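Q: Everything below, folded, please.
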Amino acid sequence: MTTHPIRIAAALIDDGAGHMLLVRKHGAQAYMQAGGKIEPGETAMDALRRELLEEIGLVPATAPAYLGRFRAPAANEPGRIVEAEIFRLTAAHPPIVAAEIAEARWVAIKAAGELPLAPLTRDHILPIARALPAYEKAPEPRIAAPGP
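A: Residues are numbered from 1 along each chain as shown. Take a look at the predicted model:
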């Protein structure tokens with residue numbers, strides 16, 4: 001692994017009813033949170049807002065809550081590590097797939113582990129999602145159809 005991590009900002013987006021929004025980039029198999037690289041001179045929050053708009057057409061109505069910084073192997077860049085500033089927001093947003101995103105889909109949190117997930121999502125984000133209050137109230141798991 002290289003010594004310089006890829007710095008990203010990403011969001012755990014849930015609908016408050018036991019589902020989370022996952023995206024898959026063109027040419028990739030793994031699903032992950034919407035977000036992307038933090039550009040030089042950009043704050044993590046600025047990068048998150050830019051990436052959410054570019055990738056899924058989302059402009060958060062309120063400031064996303066900061067969950068922390070996590071490290072994991074990069075899903076799409078072998079041998080690299082991502083260092084992610086992770087935020088959470090609740091928004092039942094119909095994603096508008098754009099930029100490098102091939103697919104965006106709402107998935108029952110209880111069923112998310114059935115999908116191929118990026119290491120960051122699998123090891124850090126999914127456990128956080130499973131601790132959300134709405135997780136216990138969610139209907140039986142089923143994987144939602146892909147978004148438009």
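Q: List the strands paired with the strand or helix carrying Ile86, with their directions.
A: Assigned by DSSP states H and E, Ile86 belongs to strand 81-90. Sheet pairing for strand 81-90, assigned by DSSP bridges, gives strand 6-14 (parallel), strand 65-73 (antiparallel).
Q: Those strands: which one's closest to Ile101?
A: Closest to Ile101 of the strands paired with strand 81-90, according to CB to CB: strand 6-14, at 12.7 Å. Bear in mind the C-beta positions are built from the backbone N, C-alpha and C, glycine included.
Q: List of residues touching the closest one?
A: 20-21, 32-38, 44-45, 47-48, 51-52, 58, 64, 67, 74, 77, 80-91, 93, 109, 120, 125, 128-129, 132, 134 (CB atoms under 8 Å, 6 or more residues apart in numbering).
Q: Apply 6 Å and report the result again.
A: Applying CB atoms under 6 Å, 6 or more residues apart in numbering, the contact partners of strand 6-14 are 20-21, 33-38, 44, 47-48, 64, 74, 80, 82-90, 125, 129.
Q: Including mean neighbour count, distance to His26 and mean pLDDT, could the strands paired with strand 81-90 go into a markdown table?
A: Putting the strands paired with strand 81-90 into a markdown table (neighbours: other CB atoms under 10 Å; distance: least, CB to CB, whole Å; pLDDT from 0 to 100) gives the following:
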| stretch | mean neighbour count | distance to His26 | mean pLDDT |
| --- | --- | --- | --- |
| strand 6-14 | 24 | 17 | 97 |
| strand 65-73 | 14 | 20 | 97 |
